[in-house]
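A.B. asks: Would you be able to build a 3D model of this:
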Amino acid sequence: MSAALTQMGPFLMSDSLFRGEFGHVRRACRLDDDGAEYLAIQCIDVALTANDDFVYRLSDAVQMAVKNQRAGLARPMELGTVGRQYYLAGDYPEGPTLTRVLNRCETLGGGIPISEALD
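C.D. replies: Coordinates of the predicted model:
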């Protein structure tokens, strides 16, 4: 993890990895765990969670995603709050992001190889 660490409830988080649709995503580990497993934590923008309908729909979507796990997709684990801050915790998949792979393929002048797409 990077040198700039922040605590939010039971999580120790690094700097933002990227900005997602609903807020910043950070790499984190649980303080009440041995720290061996990294998680991805998306801190949901407070402006979005001020809308009760948004929170209801988000909660419903997370429950459906947990019930309908798919191989090859990051597993959502919990939707929670620390104070007024909602967060979504899930698996932290190791390796490059799809965006990074696609950008690299474009730089090299080709599409993503079939073997990579199927992996």
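A.B. asks: what sits against Val46?
C.D. replies: Shown in contact with Val46 (Cβ atoms under 8 Å, 6 or more residues apart in numbering): 84-86. Using the backbone N, CA and C atoms, a C-beta is placed for each residue, glycine as well.
A.B. asks: want to try CSV for these, with neighbour count as columns?
C.D. replies: Formatted as CSV, these follow (neighbours: other Cβ atoms under 10 Å):
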residue, neighbour count
Arg84, 8
Gln85, 15
Tyr86, 22
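A.B. asks: so which of those would you say is closest to Val62?
C.D. replies: Tyr86 (10.4 Å; Cβ to Cβ).
A.B. asks: dump the residue contacts of the residue lying closest to that closest one once chain neighbours are set aside.
C.D. replies: Leaving aside its chain neighbours, Tyr86 sits nearest to Ile44 (4.1 Å; criterion: Cβ to Cβ, 6 or more residues apart in numbering). Counting by Cβ under 8 Å, 6+ apart, Ile44 touches 22-23, 58, 85-88.
A.B. asks: ok, now with 6 Å
C.D. replies: By Cβ atoms under 6 Å, 6 or more residues apart in numbering, the contact list for Ile44 reads 22-23, 86.
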